[in-house]
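K.L.:
sequence and predicted structure are below.
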Amino acid sequence: MPDTIINHFLDLDRIAPADLRSIIEASKTAKENPAAVDLPLTDKILAMIFSKPSTRTRVSFEVAARQLGGDAIVLDQQTMQLGHGETVADTARVLSRFVDVIMMRTDKAENIEEMAEYASVPVINGLTDRSHPCQVMADILTLEEKRGAAENQVVAWIGDGNNVAQSWIHAAAHFGFELRVATPAELAPEPGIVNWAQKAGARITVTENADTAVDGADCVVADTWVSMGDGDSTNRHNLLAPYQVNDALMARAKPDAIFMHCLPVHRGEEVTASVIDGPQSVVWDEAENRLHVQKEILAWCLRGTAVK
């Protein structure tokens, strides 16, 4: 019998641009005509592991699994042995005997790597401290719905150069848009990720000036200033105060620019209520698109390729 190449969805820089494009296009088609979607999860089970709280990731993946004909099991470190001394590797080996795909939302990127190394089923990165690829795939889908082809766009990331920002950097290399990252030097993205993207041909600028980043942009993106697990919140707020997305900053973007935020939001901190609740905000469409794009990520993961 042939072996199977396992399609893990770990980070955008590790997936071929053609595969990422096919996921986006399939997401558009499925969203427009959900009745025509195949059911690749029929009689299959998705295990979801959470070491951090979740609203959008949990609900969108659970609904996606069920709408694709399967079911989902929710696990957390309070109720499974992974949180009480069992290794990630042993958890991967055991779950692979029970389920067909694993989604993990964790802190250390090493946990996802270990899960994928020892699992014999596909593993999906639901979030780590280093990246958030499923979110940014939903963001790309939203960007193209609202503004057209990604390669024609200028995206401005404003604030902390965090895990979501780093997945945006990966995406810039594969989808061809211009990305401007405005962040204090102390919170800049990992230099290695920026260097990788630039060597891959990405048009990326990292600056400390929010005005420069937003000037003429098609899309402005922000995220919470203090994520789960971040320390020294007072210092972070002081560093990021000049990076609030408000009406004056949005006015520097194109008149028809959109605003995105992966949520949850803290109105009055990283963004004002007038922006996130205003006409340029597409955050609710963006949240919905987690469902549509993750259906296609699940389908892509389960497809696999048989080889000798």
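P.N.:
Received the coordinates, thanks.

K.L.:
got a list of what the residue nearest in space to the middle of the chain touches?
P.N.:
Nearest to the mean C-alpha position of the chain, counting by C-alpha atoms, centre = their mean, stands Gln135 at 2.5 Å. The contact partners of Gln135, by C-beta atoms under 8 Å, 6 or more residues apart in numbering, come to Leu127, Val164, Ser167, Cys262, Arg290. The way it works is simple: take the backbone N, C-alpha and C, and place the C-beta from them, glycine included.

K.L.:
got a list of what Asp215 touches?
P.N.:
Asp215 makes contacts with Arg252, Ala253, as judged by C-beta under 8 Å, 6+ apart.

K.L.:
how about the helices in the stretch 1-150 of the chain?
P.N.:
With DSSP state H, counting those that start in this stretch as the criterion, the stretch 1-150 of the chain has helices at 17-32, 56-67, 88-98, 109-118, 133-147.

K.L.:
any idea where the helices of the stretch 151-300 of the chain begin and end?
P.N.:
According to DSSP H, counting those that start in this stretch, the helices that the stretch 151-300 of the chain contains are 163-175, 191-199, 210-214, 233-240, 247-250, 273-276, 283-303.

K.L.:
per-stretch mean pLDDT over those helices, give me the minimum one.
P.N.:
With a mean of 90, helix 233-240 has the lowest mean pLDDT of these.

K.L.:
now that one: buried residues?
P.N.:
Within helix 233-240, the residues that qualify as buried are Arg236, Leu239, Leu240, counting by 16 or more other C-beta atoms under 10 Å.

K.L.:
could you do stretch 199-209 as well?
P.N.:
For stretch 199-209, a neighbour-count test (16+ other C-beta under 10 Å) marks Ala202, Ile204, Val206 as buried.

K.L.:
quick one: the last one from Leu249, how far?
P.N.:
When distance is defined by C-beta to C-beta, to the nearest Å, Val206 is 18 Å away from Leu249.

K.L.:
kindly report the same for the first one.
P.N.:
When distance is defined by C-beta to C-beta, Ala202 is 24 Å away from Leu249.

K.L.:
flag the shaky bits of the stretch 1-150 of the chain, pLDDT-wise.
P.N.:
Within the stretch 1-150 of the chain, the stretches with pLDDT under 70 are 1-3.

K.L.:
quick check, nearest of the buried residues of stretch 199-209 to Lys295?
P.N.:
Ranked by distance to Lys295 (C-beta to C-beta), the buried residues of stretch 199-209 are led by Ala202 at 27.3 Å.

K.L.:
before we move on, the earlier item: dump the helices of the stretch 1-150 of the chain into JSON lines; add distance to Met80 as well.
P.N.:
Output for the helices of the stretch 1-150 of the chain, formatted as JSON lines (distance: least, C-beta to C-beta, whole Å):
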{"stretch": "helix 17-32", "distance to Met80": "29"}
{"stretch": "helix 56-67", "distance to Met80": "15"}
{"stretch": "helix 88-98", "distance to Met80": "7"}
{"stretch": "helix 109-118", "distance to Met80": "13"}
{"stretch": "helix 133-147", "distance to Met80": "22"}
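
K.L.:
most tightly surrounded among those helices?
P.N.:
Across the helices of the stretch 1-150 of the chain, the average number of neighbours (mean count of other C-beta atoms under 10 Å) peaks for helix 133-147, which reaches a mean of 24.
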